[in-house]
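[1] here you go, sequence then predicted model.
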Amino acid sequence: MADDPNIRGQQDRQRINMNQEHEVRYWSEKLGCTAEELRKIVDEVGPMAEAVEQRARGRGGRSHG
């Protein structure tokens, strides 16, 4: 995954990197949740953006792990 927030490759669009502040901010705003709520969702379903979006929007998402 690219460290530069201006470089967005395919992998960046599929995974949420909770160690990258710009990604946490982007996804929190996109999903309408706090960074802590986002972290809990990622802990539950894993870093795949589709699963995180589904869980955040109340459709479940697959468990990761």
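    Good, I have the coordinates.

[2] could you report the pLDDT at the nearest residue to R15 once chain neighbours are set aside?
    Of all residues not flanking R15 in the chain, P47 sits nearest, at 4.7 Å (Cβ to Cβ, 6 or more residues apart in numbering). For glycine as for every other residue, the C-beta is placed from the backbone atoms N, C-alpha and C. In the predicted model, P47 carries a pLDDT score of 97.

[3] quick one: contacts for P47?
    Contacts for P47 (Cβ atoms under 8 Å, 6 or more residues apart in numbering) come out as R15, I16, N17, M18, H64.

[4] so which of those is the most crowded?
    I16 (24 neighbours; other Cβ atoms under 10 Å).

[5] quick one: residues contacting L31.
    Counting by Cβ under 8 Å, 6+ apart, L31 makes contact with L38, V52, E53, A56, R57.

[6] filter these down to the buried ones, PyMOL style.
    In PyMOL, the members of these classed as buried (16 or more other Cβ atoms under 10 Å) are selected with the following command:
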select buried, resi 38+52+53+56
